[in-house]
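Trainee: okay, predicted coordinates and the sequence, questions at the end:
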Amino acid sequence: MNAYPQAGDPMPDLPLTTPDGGTVRPSDFAGQKLVLFFYPKDDTPGCTTENRDFTALAADFARTGTALLGVSKDSPARHQKFIAKHGLVAPLASDAETGGLSDALGIWTEKQNYGRTYMGMVRTTYLVGPDGRIARVWNKVKVKDHATQVLEAARAL
């Protein structure tokens, strides 16, 4: 049995840090749909593509009453540079170094690459309903066409 939140469970309401140093929580979006997309690192090829894709569809998400929030463990200052460099519109937030939302969701985990073991973010997207419950989860996301698939799910919710 998986102890981490799944579809039907409430989204944990832990604080995230906005690029300007403020705080945002999933509960701040109560009454509307929310797409929380977690990605490993700013300014890497897959993460840049994913953020650009969500930015390109931001107006479409807004028309469905769905807020967007991209989350990584990058610092607020790094998010500011990433947003400016790529003209991103989809808002970003930084997760806590330890004990953050990605930890509670079980997606900040041990990874291996080229024989090296390290902690990293598993690219995962959550669609949260207006009631604060997780409506859908995409695990180990492949970036190609992902934002479009999430938009279709948001329209259907």
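Mentor: Looks like it arrived, so ask away. Numbers count the residues shown, from 1 in each chain.
Trainee: buried set for the helix or strand of the chain with the lowest mean pLDDT?
Mentor: Every helix and strand in the chain was compared by mean pLDDT, DSSP states H and E; the lowest is strand 108-113, with a mean of 91. By neighbour count on 16 or more other C-beta atoms under 10 Å, the buried set for strand 108-113 is residue 108. In short, each C-beta sits where N, CA and C put it, glycine included.
Trainee: who are the packing partners of the helix or strand just after that strand?
Mentor: Note on strand 108-113: by DSSP states H and E, the next helix or strand toward the C-terminus is strand 116-121. When contacts are defined as 3 or more C-beta pairs under 8 Å, 6 or more residues apart in numbering; DSSP states H and E, strand 116-121 sits against strand 108-113.
Trainee: dump the strand it packs on to CSV, keeping only the CA atoms.
Mentor: Output of strand 108-113 as CSV, limited to C-alpha atoms (Å, rounded to 0.1, in the frame of the first residue of the first chain):
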residue,chain,number,x,y,z
TRP,A,108,11.7,13.8,-3.8
THR,A,109,13.5,10.5,-3.7
GLU,A,110,16.8,8.8,-4.2
LYS,A,111,17.8,8.6,-7.9
GLN,A,112,20.7,7.0,-9.8
ASN,A,113,22.4,8.3,-12.9
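Trainee: what pairs with it, parallel or antiparallel?
Mentor: Strand pairing for strand 108-113, using DSSP bridges, gives strand 116-121 (antiparallel).
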